[in-house]
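> Below are the sequence and a predicted model for it; my questions follow.
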Amino acid sequence: MKWPNPSQISARAFRVWQRNFSIYKKNWKISFIPPLLEPLFYILAFGVGLAVMVGELIFNGEHLTYTTFIAPALVAVAIMYNAFFETTYNSFVRMYYQKTFDALLATPLNLEEIILGEILWAATKSVIAAGLMTVVISLCGFFECPGALLLIPLALLGGLVFAALGMICTALVPGIETFNLPIFLGITPMFLFSGTFFPLQNLPEWAQTVAKFLPLTHLVALVRGSSLQLFSGELWFSLLYLLVAALLLIPLAIALMVRRIVV
Amino acid sequence: MAILEVESLRKQYGLLTAVDDISFAVQPGECFGLLGPNGAGKTTTIRMLYGYTPRDDGTLRLFDLDIDTDLREIKRRIGICQQEDSLDPDLTVRDNLVGYARYFAIPKGEAEGRADELLTFFALHSRANDKITILSGGLKRRLMLARALVNQPELLILDEPTTGLDPQSRQLLWEKLAELKKQGLTILLTTHYMEEAERLCDRLVIVDNGTILIEGKPQQLVRQQVGSSVLEIADPDDKVRAFLDKEASRVEDLGSRLLVYLDDGDELFLKLTREVRTEGCVLRPAGLEDLFLKLTGRELRE
């Protein structure tokens, strides 16, 4: 496996982003529906249905309603899903079925730029979804401004990490149906056990330790801390975790894709 | 100066040597053919030319530029029509061209102008706003070819451009390629259709098992290697065989069919039909297919 060299990558990667964006734009009305409606469904279900049973909880010394507690997690999960599903299923379809990468390789672009462009696009989808959800949830009165504005750069960072993870899966799976495995073993447990729907402290000690290694744990912590303006020193560590993860996983994803495609 | 120089090109896949020491050069303005049966190494060779597949050994120079140092510049100046359709199904016919021009950093206005020109040239204008998914195979191929020309390449590389097309689409593509050749475009083409090679190629190589078997001008090669005409005899009996043993020097026995390669005139044919029998005897001009089968054998490949 060959590690990508930064000199291989030029602004041409942006052309791949542009291709995906121009297709997304055509269907924006449909693409906008899930991030606008999803938080409303959850707030309704959890806020009306579940919160009455759960009552208030104490987070970082603050009394929060259950709905306020989970609202930021919804955004963090959407960041994960949008990026991960873009670079798994959608990138795989472009690579394997539509031969889009083959077509691009006959132009001045190289594979490193194509993969980076795909990852950047997936992170952009996370930013769009997080942005829309933040507006809806803020209008419902659950988020604090200006802290919620931090969700945009956080969505970009988190999007890059999960896009790179998705692309690594794409580089390794034999076929499109195999994506079930990383989703069932990675994404679903993260969705449930990253401090999303209950505080990490409710987990047994060992499970808390495991959860500290999951990227979604850190994204949830950052998103919750920012949008509710409950900042703490630990968040710096979470930020560092995601930055390092992005800096390691993006080149790894590129290297693995090159290994898969170039024979 | 040659447009493309391939020297001692080699590619190994495990134990299989896909391309084994291939060398050839394509001159400006010519149409050069890479002929060979399925699995001969044609596509692997083509893919190495634009850096899609890394080569194991040899040198590749296009426009006098080395592929190792100037791949981007080379890719900017060539047009590649791959064997499998790689059109963008999310875009319309016209947007496939305009969008592709973006990867060559062609300004939008210019790209749109070129797209319209190419759509007209390939008789696709009425389908400009159609989705790719509803196009027939022939239309898709035409669009693939149009897309390969969007950057106004100096060398057009075509990997089996008419495989799977109906005769009408094939004829139209050949006409368009001939027209492009007349405009001075240099073309490198792989095919296993002999009619295609005969019609388009100025020079060609026949490849098998990753090596070049022969190189030259198609008509000249056929004359030298096969002869001027071929006499085909269906269901030969002993009388025919005895006659040929005596009269002909180059006979290929396929069991239920005999092929007699002739260098001059039709005397043998006339004598055979006068003295032995007429039914099942056909005299036809020798073609590239005869040469191809002679060199690569008649057994099935896959």
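Sure, I can see it. Numbering: from 1, shown residues only, chains lettered A, B, ... in the order given.
> Next up, phi/psi of residue 202, please.
All of this refers to chain A. Per-residue torsions, A:N202: phi -70, psi -20 (degrees, to the nearest 10).
> meant chain B actually
Taking degrees, to the nearest 10 as the convention, B:D202 sits at phi -80, psi -40.
> Now it: closest residue in space, sequence neighbours ignored.
Here the nearest residue to B:D202 in space, its sequence neighbours aside, is B:E30; by C-beta to C-beta, 6 or more residues apart in numbering or on different chains that works out to 4.4 Å. From N, CA and C alone the C-beta is placed, and that goes for glycine too.
> Was I right to think the one you found contacts B:R203?
Yes - look at B:E30 against B:R203 with C-beta atoms under 8 Å: they come within range, at 6.2 Å.
> What residues does the stretch 151-300 of chain B have near chain A?
B:N151 (C-beta under 8 Å from any C-beta of the partner chain).
> ok, which stretches of the stretch 151-300 of chain B are strands?
Using DSSP state E, counting those that start in this stretch, the strands of the stretch 151-300 of chain B run over B:155-159, B:186-191, B:203-208, B:211-216, B:229-234, B:251-253, B:257-262, B:281-285.
> same deal with the stretch 101-250 of chain A?
Using DSSP E, counting those that start in this stretch, strands in the stretch 101-250 of chain A do not occur.
> Now for chain B: which helix has the highest residue count?
helix B:167-182 (DSSP state H).
> quick one: it to chain centroid distance?
13 Å (C-alpha atoms, centre = their mean, to the nearest Å).
> Okay, angle between it and strand B:186-191 too, please.
Helix B:167-182 runs at 150 degrees relative to strand B:186-191, counting by axes from the mean of the first three to the mean of the last three C-alpha atoms, to 10 degrees.
> For helix B:167-182, output the C-alpha coordinates as PDB.
The C-alpha trace of helix B:167-182 is given here as PDB (Å, rounded to 0.1, in the frame of the first residue of the first chain):
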ATOM      1  CA  PRO B 167     -24.800  -2.800 -38.400                       C
ATOM      2  CA  GLN B 168     -26.400   0.600 -38.700                       C
ATOM      3  CA  SER B 169     -24.700   2.000 -35.700                       C
ATOM      4  CA  ARG B 170     -21.500   0.500 -36.700                       C
ATOM      5  CA  GLN B 171     -21.600   1.900 -40.200                       C
ATOM      6  CA  LEU B 172     -22.400   5.400 -38.800                       C
ATOM      7  CA  LEU B 173     -19.500   5.200 -36.300                       C
ATOM      8  CA  TRP B 174     -17.100   4.100 -39.000                       C
ATOM      9  CA  GLU B 175     -18.200   7.000 -41.200                       C
ATOM     10  CA  LYS B 176     -17.600   9.500 -38.300                       C
ATOM     11  CA  LEU B 177     -14.200   8.000 -37.500                       C
ATOM     12  CA  ALA B 178     -13.200   8.200 -41.200                       C
ATOM     13  CA  GLU B 179     -14.300  11.800 -41.200                       C
ATOM     14  CA  LEU B 180     -12.200  12.600 -38.100                       C
ATOM     15  CA  LYS B 181      -9.200  10.900 -39.700                       C
ATOM     16  CA  LYS B 182      -9.700  13.000 -42.700                       C
END
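> so can I have JSON lines of the strands of the stretch 151-300 of chain B showing mean pLDDT and distance to A:A123?
Below are those laid out as JSON lines (pLDDT from 0 to 100; distance: least, C-beta to C-beta, whole Å):
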{"stretch": "strand B:155-159", "mean pLDDT": "97", "distance to A:A123": "35"}
{"stretch": "strand B:186-191", "mean pLDDT": "96", "distance to A:A123": "40"}
{"stretch": "strand B:203-208", "mean pLDDT": "96", "distance to A:A123": "45"}
{"stretch": "strand B:211-216", "mean pLDDT": "96", "distance to A:A123": "48"}
{"stretch": "strand B:229-234", "mean pLDDT": "91", "distance to A:A123": "65"}
{"stretch": "strand B:251-253", "mean pLDDT": "87", "distance to A:A123": "65"}
{"stretch": "strand B:257-262", "mean pLDDT": "90", "distance to A:A123": "65"}
{"stretch": "strand B:281-285", "mean pLDDT": "91", "distance to A:A123": "64"}
